[in-house]
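J.: coordinates for the following, if possible.
(one chain, ligands or ions: 1)
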Amino acid sequence: MTDEKTLRERMVATCRKMNETGINQGTAGNLSVRYGEGFLITPSSLPYDTMVPEDLVMMYWDGTYDGRRPSSEWRFHRDILKARTDVNVVLHCHSLFATSVACHHRTIPAFHYMVGVMGGTTLRCARYATFGTQALSDAAIEALEDRMACLLGQHGQISLGTTLEGALWMAVEVETLARMYQQALVLGEPPVLSDEEMARVIAQMKRMSYGLGPEEEGSNDVARPRAS
Ligand code: 13P
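T.: Coordinates of the predicted model:
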């Protein structure tokens, strides 16, 4: 298990990458990682370029915390990490294209096979609720059922991961898909892949550990490392 100091440093690095990739700006966005008796979370309203590892807040499942004031969205971070034992990282941001689609309360259909990487045939959009409320957390939990990401109506996106790298990768994929979807809509509503095809896509992704990085075990069909 990563020690707390290293984890805090890696969280700060991930936050900076959120800005570098363009999915985050200003003091929007927040990040949490399961740790010890609860989770570490970014503080509220602190720009990532000036944030240091000590600024990250240790929060417990009962909503108490040590350190600075936690992100206003600590409820959905806590509730997702509690409900979803399959994930360790929750990333939230107001990335431009994902948020633009979410402003129309649109669920993104399987217009492109990469929707499958989020775990199903749709990238759902959670109903609107005021930021920082239990109502928003409840809506997010619903939209994330069997999914690794969702849009938040008139707000932004949430991406999940087992690792920091995975959650960041997912958030960039969500943003890319939303951008593609908007571009495709310029020519009219695009056709949608069938549920049968999406089942094949998702099975193929699982078999190949698609998008999980080269270190993950998984086949790549007939491709194999050359014997040295
Ligand atoms: P915090 O700075 O409190 O994390 O809020 C940013 C945000 O994105 C609210 O949804």
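J.: can the helix or strand containing residue 140 be said to contact the ligand?
T.: Here residue 140 is covered by helix 134-143, with elements defined by DSSP states H and E. No. Shown here: helix 134-143 not in contact with the ligand (CB under 6 Å from any ligand atom), separated by at least 8.3 Å. Placement of C-beta: from N, CA and C, glycine included.
J.: name the residues of that helix that are buried.
T.: For helix 134-143, the neighbour count (16 or more other CB atoms under 10 Å) marks 136-141, 143 as buried.
J.: nearest to the ligand among these?
T.: residue 136 (8.3 Å; CB to the nearest ligand atom).
J.: ok, now how distant is the spatially most central residue of the chain from the ligand?
T.: The centroid of the chain falls nearest to residue 159 when counting by CA atoms, centre = their mean (0.9 Å). Going from residue 159 to the ligand by CB to the nearest ligand atom, to the nearest Å gives 13 Å.
J.: assumed residue 196 was part of a strand.
T.: No. Residue 196 is assigned helix when assessed by DSSP: H, G, I helix; E, B strand; the rest coil, not a strand.
J.: name the residues that touch the host helix or strand of residue 90?
T.: Assessed by DSSP H and E, residue 90 sits inside strand 89-93. With CB atoms under 8 Å, 6 or more residues apart in numbering as the test, strand 89-93 has contacts from 14, 18, 23-24, 28-34, 73, 76-77, 80-81, 152, 156-164, 166-168, 170-171.
J.: swap in stretch 33-41?
T.: Against stretch 33-41 from outside (CB under 8 Å, 6+ apart): 4, 7-8, 11, 30-32, 56-61, 70-71, 74, 77-78, 81, 88-89, 164.
J.: averaged pLDDT, that stretch. What do you get?
T.: The average pLDDT within stretch 33-41 is 98.
J.: kindly export it (C-alpha atoms) in PDB.
T.: Extracted C-alpha coordinates of stretch 33-41, given in PDB (Å, rounded to 0.1, in the frame of the first residue of the first chain):
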ATOM      1  CA  VAL A  33      -8.600   8.600  -3.100                       C
ATOM      2  CA  ARG A  34      -9.700   5.900  -0.700                       C
ATOM      3  CA  TYR A  35      -7.200   5.800   2.200                       C
ATOM      4  CA  GLY A  36      -7.000   4.300   5.700                       C
ATOM      5  CA  GLU A  37     -10.300   4.800   7.600                       C
ATOM      6  CA  GLY A  38     -11.800   7.000   4.900                       C
ATOM      7  CA  PHE A  39     -10.300   9.000   2.000                       C
ATOM      8  CA  LEU A  40      -8.100  11.900   1.100                       C
ATOM      9  CA  ILE A  41      -9.800  14.800  -0.800                       C
END
